[in-house]
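Peer 1: Provided below for reference: sequence and predicted model.
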Amino acid sequence: MSKVQDPRLEKLLAMREQAAQGGGAARIEKQHAKGKMTARERLDKLLDAGTFQELQPFTKVNPDDPKAYAGDGVVTGYGMVDGRPVFVYAQDFTVVGGSVSLTHARKIAQVVEMAMRNGTPVVGMLDSGGARIQEGILALQGYGELFRQNALASGVVPQISVMMGPCAGGAAYSPALTDFIIMTDQTSMMFITGPDVVKSVTGEQVDHQGLGGAQVHTTLSGVAHFMGRSEDESIALTKRLLSYLPSNNVESPPYVEPTDDPQRADAKLNTIVPEDPNTPYDMREVILSVVDLGSFFEVHAGWAQNAIVGLARLDGHSVGIVAQQPMMMAGALDINASDKIARFVRFCDAFNLPVITFADSPGFLPGVGQEHSGIIRHGAKIIYAYVEATVPKISVVTRKGYGGAYIVMSSKSLGADLHLAWPSAELAVMGPDGAVNILNRRDLAAAEDPKSLHDRLVAEYREKYANPYRAAEYGILDNVIEPAQTRPVLIAALRVLREQVRNVPPKKHGVMPV
Ligand code: HXC
């Protein structure tokens, strides 16, 4: 601290210095020894140099308590990320384990509320032992006030939670209410009840990471959207994510001067779909080829991999991509894929991101487990989300469009602005095998050579129904396009659709099947 003359100014600088020390040198060292940064170090990495402005650094739980920490375990404020304003908070584990008092919660709730009022994203960095135990009900009041602001801000400004330590108990509902959760491998964890409680109630033995670490939540539960292998990587993911998003729900997403040719065709796409309908191909290759090179940023990449969702750019404009992955479960839709798609479509709609859908699904996944866990309820969410969405919606059927799985994937009937297919598309109520068996049961039973009759009937069915031209003739498809031309076709469409206005019937809100 430089020596200054005015004692009043000296006092301010001394107080600032003390607040910046958090829980003190020993605890900072302990934090570093765990491979974790302090709250201020994390904010330094996230924000453009010199842009951080702190709010309420001197707030204390009890100003009369000489031992009370200034700032109360959370650093809040605002700054810039890549030249765009964001509100931020970072919990400071060195101060009473980053635990949440009413004061601490209100500091966070205030930045969420300010972000909402000013149309600015909010990024939280979480590292906390949960409700401050000695505060009792006051801490719970604080969490409730924070949850309320998170829920109110939903759909108004993007909210991103970056997990960099524990987040236990009901505390996990704050990040759960935000749009994206980025977890840091090994050091972050989220669970409603910890390993001890789990063991005493169910007898299951599991450690923190096995119960709710980054790998669990990015592959099994779907609670988290991204995993950083280190805090640096989690922060880099946060910045990349922000680069696709508008600052609020009335702003257009940021435009990035494109380096990729909007007319770029890719001949590889003309042969990517194998002639044998049961041979898979990688839908990710289709996406990577169509969007601006290097711009695809997959969301929920490790969970429900039979579906693909992610952000990308087309001619410099942000879009949301939704697709099936024929490489996983043949692209069948199950409960998790339904949740993944519906949630992402709603996010895109809330933040003015056009939704491009690549459909190839043989149907919904059959099974007692799926039915008993409510595939009907979950699958319905996809329909709800697409119908509700007023952003431009473009869909391309690359191969299978069968039954309900065809309808839900942004079909014309649900209100797609532009519904396209590749020549390899098969649009029918069900696949040829199943259809032939039902339609020709008696003939097949009576046939001398049922196998050859079956094969002939399947070939006839394919010829007649399993192609895009019936749908095109009925006007259900807007066009059948050459796969190589998909990128230029999508870019041309977005140029005319981007500013569209679509009205929905007035209502307080719908009752989404959840
Ligand atoms: C008060 C807490 C605290 C808490 C940690 N500390 N959590 N103080 N309330 N919730 C303090 C510790 O006493 C310790 O103080 C310091 O923070 C650092 O904690 P350590 O235990 O030394 O750190 P570590 O070994 O890394 O373990 C981290 C931990 C553990 C796994 C998070 O601290 C822990 O299990 N804490 C309790 C977690 C919990 O059960 N929280 C309540 C959940 S219920 P000293 O002075 O010794 O350094 C909940 C309900 C919310 O949150 C409901 C919202 C609706």
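Peer 2: Cool, got the structure. Numbers count the residues shown, from 1 in each chain.

Peer 1: Which residue, neighbours along the chain excluded, lies closest to the residue in the stretch 401-514 of the chain that the ligand sits nearest to?
Peer 2: Of all residues in the stretch 401-514 of the chain, the one sitting closest to the ligand is Val514 (20.3 Å; CB to the nearest ligand atom). (C-beta placed from N, C-alpha, C; glycine too.) Distances taken as CB to CB, 6 or more residues apart in numbering put Lys381 closest to Val514, at 7.1 Å, once the chain neighbours are dropped.

Peer 1: secondary structure element for the one you found?
Peer 2: helix 375-388 (DSSP states H and E).

Peer 1: and that helix, what's its mean pLDDT?
Peer 2: For helix 375-388, mean pLDDT rounds to 98.

Peer 1: Check the burial of the residue nearest to Val514 by counting its neighbours.
Peer 2: As a burial measure, Lys381 scores 22 neighbours (other CB atoms under 10 Å).

Peer 1: Give me the helices and strands touching the helix or strand following the helix holding Lys381, please.
Peer 2: Of the helices and strands lying after helix 375-388 in sequence (DSSP H and E), the nearest is strand 393-402. Counting contacts by 3 or more CB pairs under 8 Å, 6 or more residues apart in numbering; DSSP states H and E, strand 393-402 packs against strand 355-361, strand 418-421, strand 426-428, helix 486-497.

Peer 1: and if we set it to 6 Å?
Peer 2: Packing contacts for strand 393-402, counted by 3 or more CB pairs under 6 Å, 6 or more residues apart in numbering; DSSP states H and E, involve strand 355-361, strand 418-421.

Peer 1: Helices along the stretch 51-200 of the chain, start to end?
Peer 2: Here the stretch 51-200 of the chain has its helices, by DSSP state H, counting those that start in this stretch, at 102-118, 137-153, 173-176, 195-202.

Peer 1: Quick one: residues in contact with stretch 294-301.
Peer 2: Contacts of stretch 294-301 with the rest of the structure, by CB atoms under 6 Å, 6 or more residues apart in numbering, involve His225, Ile287, Leu288, Val309, Gly310, Leu311, Ala312, Arg313, Lys340.

Peer 1: and with 7 Å instead?
Peer 2: Here stretch 294-301 makes contact (CB atoms under 7 Å, 6 or more residues apart in numbering) with 222, 225, 240, 244, 287-288, 308-313, 321, 340, 344.

Peer 1: tell me the contacts of the residue nearest to Val514?
Peer 2: Counting by CB under 7 Å, 6+ apart, Lys381 makes contact with Ser338, Asp339, Ala342, Met512, Pro513.

Peer 1: Chain neighbours aside, what residue packs nearest to the second one?
Peer 2: To tie it back to what came earlier, the one meant is Asp339. That would be His378: by CB to CB, 6+ apart, it lies 5.8 Å from Asp339.

Peer 1: cool, the third one as well?
Peer 2: In this structure, Ala342 finds its nearest non-sequential neighbour in Lys381, 3.5 Å apart by CB to CB, 6+ apart.

Peer 1: Let me know the distance separating the one you found from Val480.
Peer 2: Counting by CB to CB, to the nearest Å, the gap from Lys381 to Val480 is 29 Å.

Peer 1: Repeat that for Ser221.
Peer 2: Going from Ser221 to Val480 by CB to CB gives 40 Å.

Peer 1: now Gln134
Peer 2: Counting by CB to CB - Gln134 and Val480 are separated by 68 Å.

Peer 1: Val299 now?
Peer 2: Counting by CB to CB, the gap from Val299 to Val480 is 30 Å.

Peer 1: again with Gly79
Peer 2: As judged by CB to CB, Gly79 and Val480 stand 50 Å apart.

Peer 1: residue with max distance from the center of this structure?
Peer 2: Computed with CA atoms, centre = their mean, the maximum C-alpha offset from the centroid of the chain is found at Glu448, amounting to 55.0 Å.

Peer 1: helix, strand or coil for that one?
Peer 2: coil (DSSP: H, G, I helix; E, B strand; the rest coil).

Peer 1: Quick check: phi and psi on it?
Peer 2: With angles defined as degrees, to the nearest 10, Glu448 sits at phi -70, psi -40.

Peer 1: what do you get for the one 3 residues further on?
Peer 2: With angles defined as degrees, to the nearest 10, Lys451 shows backbone torsions of phi -60, psi -50.

Peer 1: contact partners of the helix or strand where Thr218 lies?
Peer 2: Using DSSP H and E, Thr218 sits in helix 214-219. With contacts defined as CB under 7 Å, 6+ apart, helix 214-219 is touched by Met183, Thr184, Asp185, Ser188, Met190, Val223, Ala224, Phe226, Met227, Gly302, Trp303.

Peer 1: show me what contacts the closest residue to the fourth one other than its chain neighbours?
Peer 2: Nearest residue to Ser188 in three dimensions, chain neighbours excluded: Met163, at 3.8 Å (CB to CB, 6+ apart). When the contact criterion is CB under 7 Å, 6+ apart, the partners of Met163 are Leu126, Pro175, Ile181, Ile182, Met183, Thr184, Ser188, Met190.

Peer 1: Quickly check those residues for the two that are furthest apart.
Peer 2: Of all pairs drawn from these, the greatest distance, 12.7 Å, lies between Pro175 and Thr184 (CB to CB).

Peer 1: So which of the two has more stuff around it?
Peer 2: Neighbour count, other CB under 10 Å: between Pro175 and Thr184, Thr184 has more, with 29 against 24.

Peer 1: And the pLDDT for Lys464?
Peer 2: Per-residue confidence (pLDDT) for Lys464: 89.

Peer 1: What's the local residue count around it?
Peer 2: By the measure other CB under 10 Å, the count of residues near Lys464 is 12.

Peer 1: now do the one 5 residues further on
Peer 2: The local packing of Tyr469 (other CB under 10 Å) involves 15 other residues.

Peer 1: What separation is there between it and Glu463?
Peer 2: Following CB to CB, the distance that separates Tyr469 from Glu463 is 10 Å.

Peer 1: low-confidence ranges in the chain?
Peer 2: Applying pLDDT under 70 to the chain picks out residues 1-4.

Peer 1: near the ligand, which residues of the stretch 1-150 of the chain?
Peer 2: Applying CB under 6 Å from any ligand atom, one finds that the stretch 1-150 of the chain approaches the ligand through Val96, Gly97, Ser99, Gly129, Gly130, Ala131, Arg132, Ile133, Leu140, Tyr143.

Peer 1: Arg132 is in contact with the first one, correct?
Peer 2: Yes. The pair formed by Val96 and Arg132 meets the contact definition of CB atoms under 7 Å, at 6.3 Å.

Peer 1: quick one, phi psi at the closest residue to the ligand within the stretch 201-350 of the chain?
Peer 2: Going by CB to the nearest ligand atom, the ligand is nearest to His208 of the stretch 201-350 of the chain, at 7.1 Å. When read as degrees, to the nearest 10, the backbone of His208 gives phi -60, psi -50.

Peer 1: picking that back up, among the contacts of stretch 294-301, which are in helices?
Peer 2: Counting by DSSP state H, those place Arg240, Tyr244, Ile287, Leu288, Lys340, Phe344 in helices.
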